[in-house]
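Visitor: Here is the input, now give the coordinates:
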Amino acid sequence: MRKLKVVQIGVTHEHANGKFMAVQALPDEYEVVGYVDERAYCDAVRFGDCSGLMKDIPRLTEEELWQRKNVDAVFVEVPNADLVPTALRVMEHNLPMHMDKPAGMDLGLYKKLLDGCEARGLAFQMGYMFRGGATFRYVKKLVEAGALGDIVSIDIDMDHCYGGDPYQEYLSKMRGGVMYNLGCHAIDYVVTLMGDQEPVRTVPFLQSAADVPGNTVSNAIAVIEYPHATATVRACSRKASADPISQRQARIGGTLGFCTWKPLERYDGKPITLNFYLKKRACGFEPGEYTIDFPPFSNYAQRFTTQLSEFAAMVRGETASEYSFHHDYLVHQIALEAAGIV
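Guide: Numbers count the residues shown, from 1 in each chain. Next comes the predicted model:
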């Protein structure tokens with residue numbers, strides 16, 4: 001197996017630290033040969049800084065990156081507003097990439113990126129964080145196998161209480177606030193479970209929590225209507241809980257069964273418990289109710305390692321992406337509608 005030489009562009013995206021740690025946790029897959037500190041030229045809104053993790057990694061300018069001949073792929077981890085413009089430069093230099101979310105407020109510009117990567121045959125992976133989750137993957141298999149029948153409802157909560165006042169200030173700088181910033185993760189999963197089906201419409205409800213300035217969308221819900229199903233995506237950055245993400249949950253209902261789990265992820269050593277019911281025999285289960293425990297993440301980096309292992313296989317040409325360019329485009333189209341941007 002060929003180890004890939006990679007460069008990370010960006011140290012201030014919310015997931016920049018997690019992606020760097022995940023790459024470091026995959027030493028048989030990756031070698032980080034440099035990073036670009038975008039703070040030297042980027043004044044965009046940011047929330048985080050992982051430059052301290054990179055003290056032993058060569059610091060490059062973008063021009064130095066483009067001149068190197070030994071780079072196999074790039075991780076784009078700059079602030080939200082700069083993700084697509086930066087990714088376009090990566091694409092123009094014919095480099096495969098993993099790009100974090102969300103994919104900008106200009107849907108046409110994002111389509112230019114996707115079309116360019118497809119035309120050039122470049123491996124491209126969006127950083128939607130639930131794609132590698134074991135529970136999410138298991139439910140996806142149940143749905144694809146028809147175990148739940150026809151899907152009639154999907155409800156995903158992205159609520160949290162991390163970041164304090166600085167996070168609310170961060171959200172205030174972007175249209176759509178918490179729905180724009182976080183809703184895309186849930187929408188990626190909705191689109192996956194619905195088989196990339198085009199929805200009838202998406203209706204957003206964008207509010208501010210009572211203790212947050214009114215110009216900040218900190219409490220939002222979007223309803224995605226399909227011909228025979230509805231999906232709701234909820235995101236609130238002020239939902240009090242003992243753990244910052246313990247209120248996040250998912251419920252999927254179908255004509256032959258349902259499943260639910262809460263929280264979506266955990267880091268406290270306790271298992272993630274999936275509850276599901278099947279009306280008919282499917283996937284080796286007799287009709288009835290079941291509970292399956294999945295292991296928690298042992299650390300933050302583990303949230304991303306499965307997905308990044310798949311990206312390495314894509315770059316080496318061992319496998320194609322599980323997600324089409326059309327899928328990624330549809331996810332972002334719906335995400336922008338859910339955030340009230342288009």
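
Visitor: Now do residue 291: how many residues are near it, please.
Guide: When neighbours are defined as other CB atoms under 10 Å, residue 291 has 10 of them. Glycine gets a C-beta too; all of them are placed from N, C-alpha and C.

Visitor: Checking it next. Helix, strand or coil?
Guide: The three-state label for residue 291, taken from DSSP: H, G, I helix; E, B strand; the rest coil, comes out as strand.

Visitor: Now do it against residue 255, distance only.
Guide: With the distance defined as CB to CB, to the nearest Å, residue 291 ends up 22 Å from residue 255.

Visitor: do the same with residue 125
Guide: Taken as CB to CB, the spacing of residue 125 relative to residue 255 amounts to 33 Å.

Visitor: of the two, who's got more company?
Guide: When residue 125 is set against residue 255 and neighbours are counted by other CB under 10 Å, the residue ahead is residue 125, at 22 against 12.

Visitor: got the contact list for the more buried one?
Guide: Residue 125 makes contact with 97, 98, 99, 307, 310, 311, 314, 321, 323 under the criterion CB atoms under 8 Å, 6 or more residues apart in numbering.

Visitor: How about the contacts made by the fourth one?
Guide: To tie it back to what came earlier, the one meant is residue 307. 125, 127, 129, 131, 132.

Visitor: can you do 6 Å?
Guide: Contact criterion CB atoms under 6 Å, 6 or more residues apart in numbering gives 131, 132 as the residues in contact with residue 307.

Visitor: what about it, which helix or strand?
Guide: When elements are defined using DSSP states H and E, residue 307 is found to belong to helix 302-315.

Visitor: what's the next secondary structure element after that helix?
Guide: With DSSP H and E, the next secondary element past helix 302-315 is helix 325-338.

Visitor: average pLDDT across the longest helix anywhere in the chain?
Guide: For the chain, the helix with the greatest residue count under DSSP state H is helix 177-193. Across helix 177-193, pLDDT averages out at 98.

Visitor: got a list of what residue 191 touches?
Guide: With contacts taken as CB under 6 Å, 6+ apart, residue 191 has the following neighbours: 330, 331.

Visitor: do that again at 10 Å, thanks
Guide: If a contact means CB atoms under 10 Å, 6 or more residues apart in numbering, then residue 191 has 128, 154, 197-199, 224, 231, 323, 327-328, 330-335 as its contacts.

Visitor: Compare those residues and tell me which is most surrounded.
Guide: Comparing the contacts of residue 191 on neighbour count, residue 335 comes out first with 29 neighbours (neighbours: other CB under 10 Å).

Visitor: Local confidence estimate at that residue?
Guide: What the model reports as pLDDT for residue 335 is 98.

Visitor: how close does the closest residue to it other than its chain neighbours get to residue 337?
Guide: If you skip the residues right next to it in sequence, residue 335 has residue 184 as its closest partner in space, 4.2 Å away by CB to CB, 6 or more residues apart in numbering. When distance is defined by CB to CB, residue 184 is 11 Å away from residue 337.

Visitor: So between the two, which is more surrounded?
Guide: residue 184 (27 against 20).

Visitor: ok, the more buried one - contacts?
Guide: With contact taken as CB under 10 Å, 6+ apart, residue 184 is in contact with 101-103, 126-129, 158, 233, 235, 331-332, 334-336, 338-339.

Visitor: ok, now residue 114?
Guide: Listed by CB under 10 Å, 6+ apart, the contact set of residue 114 reads 84, 87, 91, 103, 124, 126, 324, 325, 326, 328, 329, 332.

Visitor: just so I have it, where are all the helices in the stretch 51-200 of the chain?
Guide: Secondary structure of the stretch 51-200 of the chain by DSSP state H, counting those that start in this stretch: the helices cover 62-67, 83-92, 107-120, 134-144, 164-172, 177-193.

Visitor: who's in contact with the nearest residue to residue 227 once chain neighbours are set aside?
Guide: Counting by CB to CB, 6+ apart, residue 227 lies nearest to residue 200, which is 6.3 Å off, once chain neighbours are set aside. Shown here is residue 200, whose contacts under the criterion CB under 10 Å, 6+ apart are 224, 225, 226, 227, 229, 230.

Visitor: Now do the fourth one against residue 303, distance only.
Guide: What that stands for is residue 227. From residue 227 across to residue 303, the span is 34 Å (CB to CB).

Visitor: neighbour count winner among these two?
Guide: residue 303 (20 against 8).

Visitor: Buried residues in the helix-or-strand element of the chain with minimal mean pLDDT, which are they?
Guide: The least trusted helix or strand in the chain, going by mean pLDDT, DSSP states H and E, turns out to be helix 164-172, with a mean of 91. Of the residues in helix 164-172, those scored as buried under the neighbour-count criterion (16 or more other CB atoms under 10 Å) are 167, 168, 170, 171, 172.

Visitor: can you list the residues you listed in JSON lines and add distance to residue 281?
Guide: Converted to JSON lines, the buried residues of helix 164-172 look like this (distance: CB to CB, whole Å):
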{"residue": "167", "distance to residue 281": "46"}
{"residue": "168", "distance to residue 281": "49"}
{"residue": "170", "distance to residue 281": "49"}
{"residue": "171", "distance to residue 281": "46"}
{"residue": "172", "distance to residue 281": "52"}
